[in-house]
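Q: Sharing a model that was predicted from the sequence below.
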Number of protein chains: 2
Amino acid sequence: MKTKEKTCRSDCPVAGALDIFGDRWTLLIVRDLLKGKRRYGEFLESGEKIPTNILASRLKRLETSGTIKKVLYSEHPPRAEYYLTESGQELGKIVKAVFVWGRKNVASVKST
Amino acid sequence: MKTKEKTCRSDCPVAGALDIFGDRWTLLIVRDLLKGKRRYGEFLESGEKIPTNILASRLKRLETSGTIKKVLYSEHPPRAEYYLTESGQELGKIVKAVFVWGRKNVASVKST
DNA sequence: GCCTCTCACTTTCATTATGCAAGTGACAAA
DNA sequence: TTTGTCACTTGCATAATGAAAGTGAGAGGC
């Protein structure tokens, strides 16, 4: 019955996907996960310097959408590591394609 | 000499690419271009109802980055059509991958 | 026990971006 | 002359972003 949890912009899969990762930070987190980063503090260390509140909100959104999974490695104090789910791995392929595209087509990056 | 026009977030190609299309609208315009849409008014008709000022700013950014090209089909009054450049076509492949990912992994879209 | 430190966030708040609506300029048609 | 269309631009209220400080749950040293 409940097909949609909230009013969507459209029924287009591209729009739906962008509602999950259509911003300047989310795919950078996926990139870091592909690099093997697992913990909150590690994501903060990346060169782009994501603000802590943004990181927290994006991790939450990725988890809610089933793209990543939060796994506790300590109960007391609560400490967690983040992993890509299967759909997250598939999103990883897109991130790799974005990497290739950016290396070839972004002016400020082409000139290595 | 002038390697970067402005301070970038990092030298990562993914970050550079997201500075061009990392938002909730830009890839929808590319999607529409893939569908054969060419004119301003056509982009406005899409189901997501992009605001006119956002559309104008995104078209400008895509043109500046060399992803699309604006071609006048009338001088007086000035009327234009937009086309994907070569790098835009390559970005189109990513949009198609996003479509496939979204259809498979976005809850509000899966249930068709 | 007490103090300091780390990790993983949360909160605050000024700044920026978004998005709705109305306005503008250049014509074409009636 | 009036109306209409296309492609934007402008104004403004609201929402998102981002810098920085704060919080809570312990761990480790003395």
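A: Looks like it came in fine.

Q: First-to-last residue distance for stretch A:30-42?
A: Taking C-alpha to C-alpha, to the nearest Å, the span from the opening residue of stretch A:30-42 to its closing residue is 13 Å.

Q: I would like the residues contacting stretch A:89-101, please.
A: Residues outside stretch A:89-101 that contact it (C-beta atoms under 8 Å, 6 or more residues apart in numbering or on different chains): A:21, A:27, A:30-31, A:33-34, A:67, A:84, B:12-14, B:17-18, B:87, B:90-91, B:93-94, B:97-98, B:101, B:104-105. Using the backbone N, CA and C atoms, a C-beta is placed for each residue, glycine as well.

Q: repeat for stretch A:30-49
A: Outside of stretch A:30-49, the residues within contact range by C-beta under 8 Å, 6+ apart are A:21, A:25, A:28-29, A:50, A:52, A:55, A:59, A:62, A:67-68, A:79-84, A:88, A:91-92, A:95-96, A:99, B:9-12, B:14-15.

Q: mind checking how far that stretch is from the chain centre?
A: When distances are taken as C-alpha atoms, centre = their mean, to the nearest Å, stretch A:30-49 is centred 10 Å away from the chain's centroid.

Q: before we move on, back to that, are any of the contacts of stretch A:30-49 buried, and if so which?
A: Neighbour counting over those (16 or more other C-beta atoms under 10 Å in any protein chain shown) leaves A:21, A:25, A:28-29, A:50, A:55, A:59, A:62, A:67-68, A:82, A:84, A:88, A:91-92, A:95, A:99, B:9, B:12, B:14-15 as the buried ones.

Q: can you tell me which of the residues you listed are up against DNA strand C?
A: residue A:59 (C-beta under 7 Å from any atom of the strand).

Q: Just the buried ones among the contacts of stretch A:30-49: which are in helices?
A: Where the buried ones among the contacts of stretch A:30-49 overlap with helices, as defined by DSSP state H, the overlap consists of A:21, A:28-29, A:55, A:59, A:62, A:88, A:91-92, A:95, A:99, B:14-15.

Q: which one of those residues sits closest to residue B:110?
A: Distances from those to residue B:110 were compared by C-beta to C-beta; the smallest belongs to residue A:91, at 15.0 Å.

Q: Around DNA strand D, which positions in chain A sit nearby?
A: Proximity of chain A to DNA strand D, by C-beta under 7 Å from any atom of the strand, involves residues A:23-25, A:49, A:51-54, A:57, A:76-78.

Q: Would you mind giving me the ChimeraX syntax to select the buried ones in those residues?
A: Typed into ChimeraX, the next command selects the buried ones out of the residues of chain A next to DNA strand D (criterion: 16+ other C-beta under 10 Å):
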select /A:23,24,25
